[in-house]
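Undergrad: Dropping a prediction and its sequence here:
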Amino acid sequence: MASYDKFTMYHKMFMILATISVVTDSRVLGVDQQAEDVVEYACKHTLYYVICESSLRSDPRSNTSDIVGLVGVALDLSIIQARQMLTQIQVMKINGRSNSSSYESECLDDCMDVYSDALDDLNESTHALTMGDYDTVNQMVSGSMADGQTCEDGLEDGKDGNGSSPLTHGNQYFYQLCSNVLAIANLV
């Protein structure tokens, strides 16, 4: 009878350990699945779902982020785009793109100024996010969006309705990334 009791005890211990192992494995697997669901959930609340989904999924941090973490990733992506816009504007000025008209040259100078301001605002937003100050995040990101639009408006005004500016695509992408930040931040 003693050997039967030992067998029963070992069998129960085995079953408990197996159950713990299965629960632990499903929780570990559930985190990855949950992260994917968080990205999808967040992006469904934006105006630019495709851009949200593709940009967030391009950053591996999104795989393990919660909503607040996704706001940080989205902010970082907006910062990268603001830096790319500044670089593009500088290259245009260096390559003499602005020689086509003094108005366009002035607009590019203005664009450099507003994108510098946007970059400052986005960096301040990142700091505000770490402090849990979501109102400041919203204010600074909204200001950044306006800065990018100011650049585009100035360049388009010089076109007299003859097409888009040389920065239209980048300005629009920056606007859409910032819009996504705001939408995701509003989920917090």
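TA: Done, it's in.

Undergrad: contacts for stretch 117-127?
TA: Stretch 117-127 is touched from outside by 72, 75-76, 78-79, 82-83, 86, 136-137, 140-141, 143-144, 147-148, 174, 181, with contacts defined as C-beta atoms under 8 Å, 6 or more residues apart in numbering. In this view, the C-beta of every residue, glycine as well, is placed from N, C-alpha and C.

Undergrad: rerun at 6 Å
TA: Applying C-beta atoms under 6 Å, 6 or more residues apart in numbering, the external contacts of stretch 117-127 come out as 75, 78-79, 82, 137, 140-141, 143-144, 147.

Undergrad: now those residues in CSV, with secondary structure, neighbour count and distance to Asn95?
TA: Converted to CSV, the contacts of stretch 117-127 look like this (DSSP: H, G, I helix; E, B strand; the rest coil; neighbours: other C-beta atoms under 10 Å; distance: C-beta to C-beta, whole Å):
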residue, secondary structure, neighbour count, distance to Asn95
Leu75, helix, 26, 30
Ser78, helix, 30, 26
Ile79, helix, 19, 25
Ala82, helix, 27, 21
Val137, helix, 26, 36
Met140, helix, 25, 32
Val141, helix, 28, 31
Gly143, helix, 18, 30
Ser144, helix, 30, 26
Asp147, helix, 26, 23
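
Undergrad: Looking at those, spot the one nearest Asp110.
TA: Asp147 (10.0 Å; C-beta to C-beta).

Undergrad: Many thanks, I have nothing further to ask.
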